[in-house]
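Here is my input; please provide its structure:
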Amino acid sequence: MSSRNLVRDQASHRVVSLELFFDLVFVYGISQVTAYLAYDHSPLGFVRGLLLAGLLWWAWVAYSWLGTSVQVGRGWVQASLFAAMAAIMVLAVLMLDFFDDQRGASLAMVAAAAYVVVRVMHIVVFAIAGGEDAGIRQAVLRLAWSVVIAAVLLIFGAYLGGTWQLIMVCIALAIDVIGPLLAGGGGWQLALGHFAERHSLIVIIALGESIVAIGLGAADVPVGPGLLVMICLGVALACTLWVAYFDGSATAVEHAVAQRSGVEQVTTARDTYSYLHFLLVSGLILIALAMKSGLKGTEAGLSEPLAGYAGLALGLGLFQFLGGLWLIRWRAGVDRSVAEIVVAVLALALIPLATTVPAVGSVLAASMLVIGWRAVRRN
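Purely as a prediction, here's the structure:
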């Protein structure tokens, strides 16, 4: 079978409009994860919400690798992405019902089945598009076992429901994540410029969720000084986070990965982008949750602290984002300073602070920490 769908000119390969269109369903999916966390404030709800974020992220990662190796805007590959979009949208719509205590056929099984369709379709499309390329074919086969086992566990867990489902989802996600590590980096193709651009765009999408969360949180709040101050501070925090990633750091990481070649470059890109960027995206989801909560109340944060779950989300989310950036730079081989990780750890102090001082104070402190991290960053 022909491998004419594979990318041949990796140096000039860039993100196409179909991939941007494809990401729109993930925009909604990320907002649904935030909605789930806002709906269930319990520790169990927190764990479930992060598991949903993990599933959504890993589905996106799979197609980011497909797009860096395969011309996705052509013929049947294009149609397969449209089908995947529909399945992801079904998953996103049913996220609030993903964890169900009911045994047997339920909305949880439909949601799990939608996820399985997305993951299995990715493997099938990759295998067919690879055609006669032995490296791609073998790489896909090495990965397929983890996808199939995870898929079976997700469906079985949805059937059992309750605690068993939670256990099965944890195991399935762990197997799905470990699979590429055990499969190694041999056989995969990587257009680094395309791959780095895709991950920059998903970071923008996650940043956009924090902006959307401000709008949703302000929807039912009377307009007053408190609301206006919180809106401005929320946007300021999003802007400082943008600067932390896009003002030199993203470019430095891409250039560092570009210095490597062959399997080493593939595994470095896998770790730097596919794995460690999840810390950035999940951290931004938690920050969006905190912002949505901080706008509740008549004074919208001028006199009231954040709720306990929101304070945890702000501190942990910022720690994940700044700590994740440090780890990304470390794995790529970019110069770092000890002060960077110190500032990231200081973000955890926002957890007790956010529940004792007015919300405006904790959001302002978060912005100052990000500015401080950028100031001590080596390059």
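
Pull up the per-residue confidence for the closest residue to Leu192 other than its chain neighbours.
Closest residue to Leu192 apart from its sequence neighbours, by Cβ to Cβ, 6 or more residues apart in numbering: Ala258 at 5.7 Å. (C-beta placed from N, C-alpha, C; glycine too.) If you check Ala258, the pLDDT there is 94.

Which residue, other than its chain neighbours, is closest to the most centrally placed residue in the chain?
Centroid check for the chain by Cα atoms, centre = their mean gives Val281 as the closest residue, at 3.9 Å. Spatial nearest neighbour of Val281, chain neighbours left out: Ala206 (4.5 Å); criterion: Cβ to Cβ, 6+ apart.

wait, that neighbour sits on Leu286?
No. Judged on Cβ atoms under 8 Å, Ala206 makes no contact with Leu286 at a distance of 10.4 Å.

For these two, indicate the residue with more neighbours.
Ranked by neighbour count (other Cβ atoms under 10 Å), Ala206 and Leu286 place Leu286 first, with 29 against 25.

List the residues that contact the more buried one.
Contacts for Leu286 (Cβ atoms under 8 Å, 6 or more residues apart in numbering) come out as Leu37, Ala313, Leu314, Leu316, Gly317, Gln320.

thinking again about what came up before, compute the number of surrounding residues for the residue nearest to Leu192.
Neighbour tally, Ala258, other Cβ under 10 Å: 15.

Could you look up the SS state of Ile155?
Secondary structure, DSSP: H, G, I helix; E, B strand; the rest coil: Ile155 is helix.

How many residues are close by it?
Using other Cβ under 10 Å, Ile155 is surrounded by 17 other residues.

Just give the nearest non-adjacent residue to it, would you?
Closest residue in space to Ile155, ignoring its immediate chain neighbours: Ala112 at 5.4 Å, by Cβ to Cβ, 6+ apart.

in stretch 88-100, what's buried?
Neighbour counts over stretch 88-100 (16 or more other Cβ atoms under 10 Å) mark Ile88, Met89, Val90, Leu91, Ala92, Val93, Leu94, Met95, Phe98, Phe99, Asp100 as buried.

and the first one, what element?
With elements delineated by DSSP states H and E, Ile88 resides in helix 75-93, which encompasses its position.

what about that helix, average pLDDT?
For helix 75-93, mean pLDDT is 92.

Mind checking what helix or strand follows it in sequence?
Sequence-wise, the next helix or strand downstream of helix 75-93 (DSSP H and E) is helix 107-130.

thought Ala365 was touching Pro352?
No. Ala365 lies out of contact with Pro352 (Cβ under 8 Å); the separation is 11.7 Å.

top of the contacts of Leu286 by neighbour count?
The residue in the contacts of Leu286 with the most neighbours, by other Cβ under 10 Å, is Ala313 (32 neighbours).

any idea how far Val281 is from that residue?
Here Ala313 is placed at a distance of 14 Å from Val281 (Cβ to Cβ, to the nearest Å).

same deal with Ala347?
The gap separating Ala347 from Val281 is 16 Å, by Cβ to Cβ.

Ala127 too?
Counting by Cβ to Cβ, the gap from Ala127 to Val281 is 28 Å.

Now do the contacts for Leu279.
Gln320, Phe321, Gly323, Gly324, Leu327.

So it lies in a strand, does it not?
No. Counting by three-state DSSP, Leu279 is located in no strand; its state is helix.

still on that earlier bit, hmm, the residue nearest to the centre of the chain is touching Ile204, no?
No. Val281 is beyond contact range of Ile204, at 10.6 Å (criterion: Cβ under 8 Å).
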